[in-house]
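Undergrad: I would like to see how this sequence folds:
(chains A, B and C)
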Amino acid sequence: MCHAVPELPEVETVRGDLEARVVGRCVVRASVTGARTVRRQRPTELCAALEGRAFSAIRRKGKYLLAGLDDGAVLVVHLRMSGQLRLVPAGEHAGGTAPHTHAVLGLDDASELRFVDPRTFGELFVTSEIGPDGVPTALSGLGVDPITDGLDAARLATLLRSRHTALKAFLLDQRGVAGIGNIYADEICFAARLRPDRRTESLRPDEVSRLRDAVLDVLAAAVAHRGSTLRDERYRDLGGARGSYQDHHAVYGRAGEPCLRCATVVVGSRVAGRSAHFCPSCQS
DNA sequence: AGACAAGCCTGTACGC
DNA sequence: TGCGTACAGGCTTGTC
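TA: Take a look at the predicted model:
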């Protein structure tokens, strides 16, 4: 329990940090030392595509970071379970490089953008194959991003009706709504007062409406708190700071504790093969 | 010491 | 038969 992994709010926080600090900066040197960090192309190919290029807009789709380059290509970063991007300012390189640093981009102001990833599930790639929406075609399987694309109840109702599965499985499936992971799926179900094991096809219009509001409200609140950093410290922002939304979790990691709404004991169980936390009294 | 947690992909099994 | 869903395994390692 208590395994904070970067989801949409955490990736969005890093996206904003990158936007503020690396847009306009040029990559003067790129190196990849992690054996699994770059797997869709040769690491030398990725480095060559980055060196000499400046960052333009920084975008995000679901849990993927999209760092635009001034030649139209995009550096795609997925942090997966344990990845972090850290920007180390010029003059602060003393003390060497943290363990599990798999890629380093030296920028033209002598700062360094580092990719750190103990579990090596994360990945980087550069692509020039960009769809009309500005998202790399390699990510075309992703569904709507609730923050950048918006999410209206009619669209959500259609998506829910097209699936026959547990609500939690639907929320975790990046092909429908992109960006939600295990923590926020539980928090969204609580906010919507819906059980994570409710069948998607059984949701009434008022419940779909509550779900839509919950998705947007929970994700926006988590972004406002700069994401969740739990005990494992796995998530840090670009500067190494923690998020604070973990202090606002209503159910995730709270099995056995009283529901904040009705004081019923929060249940810990498994739904769709994943740990799930919910209040058996005020979620139905 | 070993089970577990995580995201995402792949392969296979199963039900309608 | 085919399609969509379910489930298990793989990848990895810090934590309990």
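
Undergrad: how close does A:Val77 sit to A:Glu123?
TA: 8 Å (C-beta to C-beta, to the nearest Å). No exception for glycine: its C-beta is placed from N, CA and C like everyone else's.

Undergrad: Of these two, which one has the most company?
TA: Per other C-beta atoms under 10 Å, whichever of A:Val77 and A:Glu123 has more neighbours is A:Val77, with 25 against 21.

Undergrad: any idea what the more buried one is structurally, helix, strand or coil?
TA: strand (DSSP: H, G, I helix; E, B strand; the rest coil).

Undergrad: Now for it: which residues touch it?
TA: Going by C-beta atoms under 8 Å, 6 or more residues apart in numbering, A:Val77 touches A:Tyr64, A:Leu65, A:Ala67, A:Gly83, A:Leu85, A:Phe115, A:Gly122, A:Glu123, A:Leu124.

Undergrad: now do A:Gln41
TA: A:Gln41 touches A:Phe125, A:Val126, counting by C-beta under 8 Å, 6+ apart.

Undergrad: hmm, back to that, now go through the contacts of A:Val77 and say which are in strands.
TA: A:Tyr64, A:Leu65, A:Ala67, A:Leu85, A:Phe115, A:Glu123, A:Leu124 (DSSP state E).

Undergrad: Name all residues that make contact with the fifth one.
TA: Okay, so that is A:Phe115. A:Gly34, A:Thr37, A:Val77, A:Gly83, A:Gln84, A:Leu85, A:Thr101, A:His102, A:Ala103, A:Val104, A:Gly122, A:Leu124.

Undergrad: would you turn these into TSV with distance to DNA strand C and pLDDT?
TA: Formatted as TSV, the contacts of A:Phe115 follow (distance: C-beta to the nearest atom of the strand, whole Å; pLDDT from 0 to 100):
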residue	distance to DNA strand C	pLDDT
A:Gly34	10	92
A:Thr37	11	95
A:Val77	17	96
A:Gly83	12	93
A:Gln84	12	94
A:Leu85	18	96
A:Thr101	13	94
A:His102	10	95
A:Ala103	15	96
A:Val104	18	96
A:Gly122	10	94
A:Leu124	16	96
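
Undergrad: can I get those in TSV with distance to A:Phe278?
TA: Formatted as TSV, those follow (distance: C-beta to C-beta, whole Å):
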residue	distance to A:Phe278
A:Gly34	37
A:Thr37	36
A:Val77	32
A:Gly83	29
A:Gln84	30
A:Leu85	32
A:Thr101	38
A:His102	37
A:Ala103	39
A:Val104	42
A:Gly122	29
A:Leu124	36
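
Undergrad: would TSV of those residues with distance to DNA strand B be doable?
TA: Converted to TSV, those look like this (distance: C-beta to the nearest atom of the strand, whole Å):
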residue	distance to DNA strand B
A:Gly34	15
A:Thr37	14
A:Val77	12
A:Gly83	10
A:Gln84	14
A:Leu85	15
A:Thr101	19
A:His102	16
A:Ala103	18
A:Val104	23
A:Gly122	9
A:Leu124	14
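
Undergrad: which one of the ones in strands among the contacts of A:Val77 is nearest DNA strand B?
TA: Closest approach to DNA strand B among the ones in strands among the contacts of A:Val77 (C-beta to the nearest atom of the strand): A:Tyr64, at 7.2 Å.

Undergrad: quick revisit: can you select the buried ones from the contacts of A:Val77 in PyMOL?
TA: Restricted to buried positions by 16 or more other C-beta atoms under 10 Å, the PyMOL selection for the contacts of A:Val77 reads:
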select buried, chain A and resi 64+65+67+83+85+115+122+123+124
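
Undergrad: Contacts only, for A:Ala98.
TA: Contacts of A:Ala98 by C-beta under 8 Å, 6+ apart are A:Arg86, A:Arg114, A:Val116.
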